[in-house]
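Predicted structure and sequence below. I'll ask about it afterward.
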Amino acid sequence: MTTDSANNKRIVKNTLLLYIRMLFLMLVNLYTSRVILHILGVEDYGIYNAVGGIVLLLSFLNSALSNGSSRFITLELGKKESSSLSTVFCTVLNAQLLLSLIVVLIAETVGLWFVMNKLGIMANRFDAAIFAYHFSILASVITITQVPYTATIIAHERMQIYAYASIFEVVLKLSILYLLPIVGYDRLETYAVLLFLVQLLIMSIYRIYCMRQFKETKYKFEFDRTKFKEITSFSSWSLLGNAAHALTGQGTTILLQMFFGPKLVAARAISLQVNMAANQFVNNFKLAADPQIVKLYAAGEQIESRKLTMNTAKYSFFLMLLLSLPIYVVAKPLLELWLVNVPPYTIIFLQLIVLQSLFSTLDTCFYTGLYACGKVRTNALISPLVLSLQFPIIYIAFKLGCSPVFLSYTGIAVTIILAMIVKPILLIKLAGFSGKDIESVFVPCVKVSIVAFVPSLIAAKFLSGNYLQYALLVIIVIAFVFLSVFYIGIEKEQRNELVSIIKKKLLHL
């Protein structure tokens, strides 16, 4: 078997495992979100997301360091230098422990002051909100210190552990639904405690697995200053980017709380929940491909690494289109069926966020090409600048009395700039990609989108009376996407190969 075939087979296998995990996780999470919204109420649900947003905003340092940690662990494994893996792992873990301490100190001082004085929480829910905030901080400590273990699992491509652990996780979260109504304490406080305990247990499972399977994850106090400088030097260029993402993601949620209250925060959180479920399809494919992109580059096979980067971007876009377009056209009945009582602005929030995700898919896939070869400095200067413009623009707009939907329009505009202009230029200038490489992604993606969108929107005008018509509409939209991808999105050789595989499968039935 050739190297390409082996790599492709591994990607497909890991993607399938991640999809099985994701399908189960998505269905249960969507169900639990509906029930939690009903049990907590719209206001408490919004408050939990708002105070949790403060902690996530303060944890942007973790996102930056985790990117560098994951890359260096994967590179060490790709170079077959297993003797240094233990040193790298322990250095990363010690750095994450220090970072978690810094986050706790900031969260319990500056962050706590902000929650108490600026978030505008109602007096009757103030104590419960503060309680939930403290447990959100504890949960963030688990997330931060988990980074090197997760990076090791991904580097070794042991994706099956995610499937097993995630099934157990959603079962635990499902059990929370039955505990909340019978526990006599405040439901928001109880919810915060139970979620923390679930995370603590799942963290323990991952760590026990790593320590038994990978000898480099057995902790000892090792701290390689040279490796740490390399990791932090690489991560420092991601710092601004992650700060900008935190500001535009969690920061805008905080703005919604400040200007419009917890009901709008709940609406935004619900739309993000559905969009996150859709994004999991794409992220699983990308998660399976990313280690191969980095390993190919580490092995000196730059052409193959670039080719895989472009293919990942194109097919990730097609996968996201396959999910986002049906969600867009049936957003209203979908939310009404799921939630029954839909908070205001949830429908338009959902429609716009799935459109933004289409462009975001290209942006994140293109970044992998820069990430693999370590050319992240320029991107770390330009992308955060573009991203961070959202926060002051949205703040001023809200101050002037603009609709909360302005938040979504701004997000789409910025994401288009990053995906269609900034990242392609950087790939060409810094990472050795050509204009033809970028064209091989943009042209089919644009053509497929136009051919799929136009007839789908026309069909939506005629099929919008009852749930049976909506179900038919979804089938029609998916068919439009499949046909446009098959005849326009993939090359003739790939199309013929796919037809040949299907024919062979049918003959063996």
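Perfect, thanks for sending it.

Need the nearest residue in space to residue 93, chain neighbours excluded.
residue 148 (4.7 Å; CB to CB, 6 or more residues apart in numbering). Quick note: C-beta positions are derived from backbone N, CA and C, even for glycine.

Sorry, slip of the keys, the one I care about is residue 173.
Per CB to CB, 6+ apart, closest to residue 173 is residue 32, 5.5 Å.

Dump the C-alpha coordinates for the one helix or strand residue 48 maps to into CSV.
Assessed by DSSP states H and E, residue 48 sits inside helix 42-58. Coordinates of each C-alpha in helix 42-58 appear next as CSV, following Å, rounded to 0.1, in the frame of the first residue of the first chain:
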residue,chain,number,x,y,z
VAL,A,42,-34.6,31.6,29.4
GLU,A,43,-33.2,34.1,31.9
ASP,A,44,-31.1,31.6,34.0
TYR,A,45,-29.9,29.9,30.8
GLY,A,46,-28.8,33.3,29.5
ILE,A,47,-27.1,34.2,32.8
TYR,A,48,-25.1,30.9,32.8
ASN,A,49,-23.8,31.6,29.3
ALA,A,50,-23.0,35.2,30.1
VAL,A,51,-20.9,34.5,33.3
GLY,A,52,-19.3,31.5,31.5
GLY,A,53,-18.4,33.8,28.7
ILE,A,54,-16.4,35.9,31.1
VAL,A,55,-14.2,32.9,32.0
LEU,A,56,-13.8,31.8,28.4
LEU,A,57,-12.8,35.4,27.5
LEU,A,58,-10.1,35.3,30.2
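
From the contact counts, what lies against that helix?
In terms of contacts (3 or more CB pairs under 8 Å, 6 or more residues apart in numbering; DSSP states H and E), helix 42-58 is packed against helix 3-40, helix 85-106, helix 112-117, helix 126-145, helix 187-213, helix 225-260, helix 262-298.

Please spell out which residues along the fifth one are buried.
Within helix 187-213, the residues scored as buried using 16 or more other CB atoms under 10 Å are 187-196, 198-199, 202-203, 206-207, 209-210.

Also compute the angle for it relative to helix 126-145, please.
Helix 187-213 and helix 126-145 meet at an angle of 10 degrees, taking axes from the mean of the first three to the mean of the last three CA atoms, to 10 degrees as the criterion.

any idea how far helix 187-213 is from the chain center?
20 Å (CA atoms, centre = their mean, to the nearest Å).

tell me the mean pLDDT for it?
Mean per-residue pLDDT for helix 187-213: 90.

Equivalent analysis for stretch 422-431, please.
pLDDT averaged over stretch 422-431 gives 92.

got the buried residues for it?
422, 423, 424, 426, 427, 430, 431.

Okay, and the fourth one sits in which element?
This points to residue 426. Using DSSP H and E, residue 426 maps to helix 423-430.

rewinding a little: can you list the helices and strands packed on helix 42-58 in TSV and add distance to residue 354?
Output for these, formatted as TSV (distance: least, CB to CB, whole Å):
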stretch	distance to residue 354
helix 3-40	14
helix 85-106	31
helix 112-117	31
helix 126-145	26
helix 187-213	26
helix 225-260	16
helix 262-298	6
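
Quick check: which of the ones you listed is buried the most?
Most buried of the helices and strands packed on helix 42-58 by mean neighbour count (mean count of other CB atoms under 10 Å) is helix 262-298; its value is a mean of 23.

State the distance from residue 148 to residue 361.
Taking CB to CB, to the nearest Å as the measure, residue 148 falls 27 Å from residue 361.

go on, residue 413?
Residue 413 is 17 Å from residue 361, by CB to CB.

go on, residue 128?
Distance from residue 128 to residue 361, by CB to CB: 38 Å.

starting at the chain centroid, how far to whichever strand or helix holds residue 328?
For residue 328, the element it lies in under DSSP H and E is helix 302-329. Relative to its parent chain, helix 302-329 has a centroid offset of 15 Å by CA atoms, centre = their mean.

Other residues contacting the next helix or strand after that helix?
Where DSSP H and E defines the elements, the next helix or strand beyond helix 302-329 is helix 331-339. Helix 331-339 is contacted by residues 30, 34, 37, 270, 274, 327, 342, 346-347, 350-351, 467, 470 when judged by CB atoms under 8 Å, 6 or more residues apart in numbering.

and the two most separated of those residues?
37 and 470 (21.9 Å; CB to CB).

Residue 385: neighbour count?
13 (other CB atoms under 10 Å).

which ones are touching it?
Contacts of residue 385 by CB under 8 Å, 6+ apart are 240, 244.

does it sit in a helix or strand, and which one?
Using DSSP H and E, residue 385 falls within helix 377-388.

angle of that helix against helix 423-430?
160 degrees.

Could you name the helices and strands sitting against the following helix or strand past helix 377-388?
Toward the C-terminus, helix 377-388 is succeeded by helix 390-399 as the next helix or strand (DSSP H and E). Using 3+ CB pairs under 8 Å, 6+ apart, the elements in contact with helix 390-399 are helix 225-260, helix 406-417.

weakest of the ones you listed in terms of mean pLDDT?
helix 225-260 (a mean of 78).

My guess is residue 363 contacts residue 426. True?
No: if you go by CB atoms under 8 Å, residue 363 and residue 426 don't touch, sitting 11.1 Å apart.

Which one of the buried residues of stretch 422-431 is nearest to residue 77?
Using CB to CB, the buried residues of stretch 422-431 come closest to residue 77 at residue 431, 21.7 Å.

so how far is stretch 149-164 from its chain's centroid?
16 Å.

Endpoint to endpoint, that stretch covers what distance?
End-to-end distance of stretch 149-164 (CA to CA, to the nearest Å): 16 Å.

same thing with stretch 110-120?
Start-to-end, stretch 110-120 (CA to CA) is 16 Å.

tell me the average confidence for that stretch?
Rounded mean pLDDT across stretch 110-120 is 87.

And for stretch 279-296?
On average, stretch 279-296 scores 74.

between the buried residues of stretch 422-431, which is nearest residue 93?
The closest of those, once distances to residue 93 are taken by CB to CB, is residue 431, at 30.0 Å.

For stretch 327-347, which residues meet the burial criterion?
Buried, per 16+ other CB under 10 Å, within stretch 327-347: 327-335, 338-339, 342-343, 345-347.

C-terminal to the strand or helix carrying residue 450, what's the next element?
Residue 450 is located in helix 435-462, with elements delineated by DSSP H and E. Heading C-terminal from helix 435-462, the first helix or strand you meet, by DSSP H and E, is helix 467-484.
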